[in-house]
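J.: requesting a structural model of the entry that follows:
(chains A and B)
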Amino acid sequence: MATKRMKDNYCEECMIVPVADIYETDDAYSLKLEMPGVKKENLEITMNDNELEISGKIQKDETNGKNLKYSEYELFDYYRSFRVGNDIDRNSIKAELDNGILTLTLHKSEEVKPRKIQITAS
Amino acid sequence: MLTYNIFDDVLELRNLVDNFFRDVPSRGASRDYPYIDLYETDAGLQISAILAGVKPEDVSVELVNNSIIIEGEKKSDYTEHPYIRKEREFGRFKKSVKLPYRVDAGNVQAAMKDGILTVKLTKSEDAKPKRIEIH
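T.: So this is what the prediction gives:
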């Protein structure tokens, strides 16, 4: 069993894997991840070799001057990665953080979008 | 080089047992959604609750009989499109938190930020220690 490495009673190696919903539309994939407590500036989203990585840092200094009396949760840094296919347009990934929910929109590249084929009369 | 010390293993075991009992009472399966932390501050109490994706207008915070009741609904944001993953949960929630002492009912502040609800309560004058003059 791995033991937690604790520093000032805080587990340094602990992290939370945020839960996610993913759905597909005609021209994009949408991801919704729950990351409560993360600020926009502490969020990092990188796309590297078909690997979409999402990491969010939690600021711990906010608990200073307060005395924890009863606890049901503890916030840790968030991390999750997804493998994405080649059908994603890497240059147009949109991210939005609202009320602890991160919404990512991965647009499909032009080649794979459904297309209507015109029939030409001969 | 690290020398093997048999007491390290003993201390490790002690920590394991300590952490187990520290975590058990509040982190068990019996906790209801939303999860809360209760802090004591200089002015009084502070409760924070994890409410990611819940709109502030869908939450109500009530002070009833020395308890804080957090109630509301996390409305589903499902769309008509086909889902590849569905891990998030939605629905109504209600949680009552018993407060350790009386608080000032007229001075309760609640705010929602980054998916975390923070309720600030100040200690009631009745709950503060009073010096009684002896005549």
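J.: quick check: which ranges of the chain have low pLDDT?
T.: The chain I'm using is chain A. For chain A, the stretches with pLDDT under 70 are A:1-11, A:61-65.
J.: ah, no, chain B please
T.: In chain B, residues with pLDDT under 70: B:1-2, B:22-31.
J.: who touches the closest residue to chain B within chain A in this structure?
T.: The minimum distance from chain A to chain B, using C-beta to the nearest C-beta, falls at A:Gly100 (1.8 Å). From N, CA and C alone the C-beta is placed, and that goes for glycine too. With contacts defined as C-beta atoms under 8 Å, 6 or more residues apart in numbering or on different chains, A:Gly100 is in contact with A:34-38, B:50-53, B:114-116.
J.: B:Leu51 - how many residues pack around it?
T.: Under the neighbour criterion other C-beta atoms under 10 Å in any protein chain shown, B:Leu51 is assigned a count of 25.
J.: again with B:Ser60
T.: 12.
J.: ok, it to B:Glu71 distance?
T.: Separation of B:Ser60 from B:Glu71 (C-beta to C-beta, to the nearest Å) stands at 5 Å.
J.: which residues do the two both contact?
T.: With C-beta under 8 Å, 6+ apart, B:Ser60 and B:Glu71 have no common neighbours.
J.: got the contact list for A:Glu34?
T.: A:18-20, A:100-102, B:52-53, B:88, B:115.
J.: for the chain, what's the longest strand?
T.: All of this is about chain A. strand A:88-98 (DSSP state E).
J.: chain B, not that one
T.: Under DSSP E, chain B gives strand B:103-113 as its longest strand.
J.: what pairs with it, parallel or antiparallel?
T.: With DSSP bridges as the test, strand B:103-113 is paired with strand B:116-123 (antiparallel).
J.: so for the strand it pairs with, what gets flagged as buried?
T.: Residues B:116-117, B:119-123 are the ones in strand B:116-123 that count as buried (16 or more other C-beta atoms under 10 Å in any protein chain shown).
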